[in-house]
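Colleague: I need the structure of the sequence given here:
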Amino acid sequence: MTLGFSVDSLLPKARGGGQLRMGLVRLTEGEWLQPDPDIAAREQGFAAFPEGVQLTDEAREPGRELAAMLGVDGALPEAARARHEDMCLLARTEGEDVYRLIGAAVAWPSDWHPADKIGLPLRALHAPIQGYEEHLATGVDRFMATLKPGAIYGRCNWFIAPSEQGRWLAGDDPAAQFANVSADNAGETLFVRSERQTLRRLPRTGAILFTIGIYVAPLASLSRGNIERLARAAQQLLSGEGDRRGAPAYAASLASYAGIECAP
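Modeller: All right, here's what the predicted structure looks like:
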């Protein structure tokens, strides 16, 4: 099983509702990154969101190693500008067992600010995600510690957003953001985001590269099966996670549009 490069192809492999899971699949080198990035869009994305680049001193050498691996002059920011994917570097600080975010080059974040996350360990990075500590933290820590150079793993997720823009910063009031959504127009007013994430260890420095490829599509453009899958998943998110994603503001309209019964 591999991962595609579109919302429709990614959604069947993404987690639905309920308990969190890593859901990793092994990827080949040819399946790692999108083969035809829109470089102009990447340049525009970084120009509009300069705070998306956050670097510590520890990111310098891994960034150069990554750029050389991709045939790019420079370091982490140049590597991310030359590919479709946003890119983050994680490494263990001397004397610690935990991995920290040491560098980020993110043009199209899904409701997070790299400046708030730089330097944090994995568990603190994921603290806002309901259920991460209980269901995922130990497994993620073990995976990171044992990941070997040469191996590439991928996973994907989904979000419902009120905008088709690559950069999505949700804000504080989901009810206001989704106020214009109804059962009749949900296909055109709800946009589905999927992050195609990959993980691999850089062989020389040992840092771990985390890539995030963002794909966005209007709900109406998706297959009927994916629309129904999303409608059910939106109602099954863990308590607290649905609120974080704004699901109460759109779940009923999405269910009605999909033709399934809305949970009470």
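Colleague: what helix or strand is the nearest residue to residue 202 once chain neighbours are set aside on?
Modeller: Leaving aside its sequence neighbours, residue 202 sits nearest to residue 65 (CB to CB, 6 or more residues apart in numbering; 5.1 Å). Bear in mind the C-beta positions are built from the backbone N, C-alpha and C, glycine included. Counting by DSSP states H and E, the element that carries residue 65 is helix 60-69.
Colleague: and the contacts of that helix?
Modeller: 55, 73-79, 87, 89, 91, 102-103, 202, 204-205, 207, 209 (CB atoms under 8 Å, 6 or more residues apart in numbering).
Colleague: mind checking which of those residues land in helices?
Modeller: 76, 77, 78, 79 (DSSP state H).
Colleague: ok now do the first one, which residues does it touch?
Modeller: The neighbourhood of residue 76, defined by CB under 8 Å, 6+ apart, consists of 53, 55, 59, 62, 63, 66, 67, 87, 89, 103, 104, 105.
Colleague: what ranges do the helices span in the protein?
Modeller: So, for the chain - with DSSP H - the helices run 7-10, 39-48, 60-69, 76-81, 114-117, 122-125, 137-146, 174-177, 186-189, 224-235, 241-244, 251-258.
Colleague: what helices or strands is the first one leaning on?
Modeller: Using 3 or more CB pairs under 8 Å, 6 or more residues apart in numbering; DSSP states H and E as the contact criterion, the secondary-structure elements in contact with helix 7-10 are strand 191-201, strand 208-218.
Colleague: just the buried members of the contacts of helix 60-69?
Modeller: Buried members of these, counted by 16 or more other CB atoms under 10 Å: 55, 74-79, 87, 89, 91, 102-103, 202, 205, 207, 209.
Colleague: ok so, going back, and which of the ones in helices among the contacts of helix 60-69 is nearest to residue 34?
Modeller: residue 79 (13.7 Å; CB to CB).
Colleague: for the closest one, what are its contacts?
Modeller: By CB under 8 Å, 6+ apart, the residues touching residue 79 are 63, 66, 67, 70, 72, 87, 105.
Colleague: state the pLDDT value of it.
Modeller: Residue 79 carries a pLDDT value of 98.
Colleague: give me the distance between it and residue 89.
Modeller: 10 Å (CB to CB, to the nearest Å).
Colleague: contacts only, for the most centrally placed residue in the chain.
Modeller: The chain has residue 195 as the residue nearest its centroid, 3.7 Å off, counting by CA atoms, centre = their mean. For residue 195, the contact set (CB under 8 Å, 6+ apart) comprises 110, 156, 157, 159, 212, 213, 214, 215.
Colleague: distance check, the closest residue to the fourth one other than its chain neighbours against residue 13.
Modeller: For residue 159, the nearest residue in space outside its immediate sequence neighbours is residue 193; the separation is 4.4 Å by CB to CB, 6+ apart. In this structure, residue 193 lies at 15 Å from residue 13, with CB to CB as the measure.
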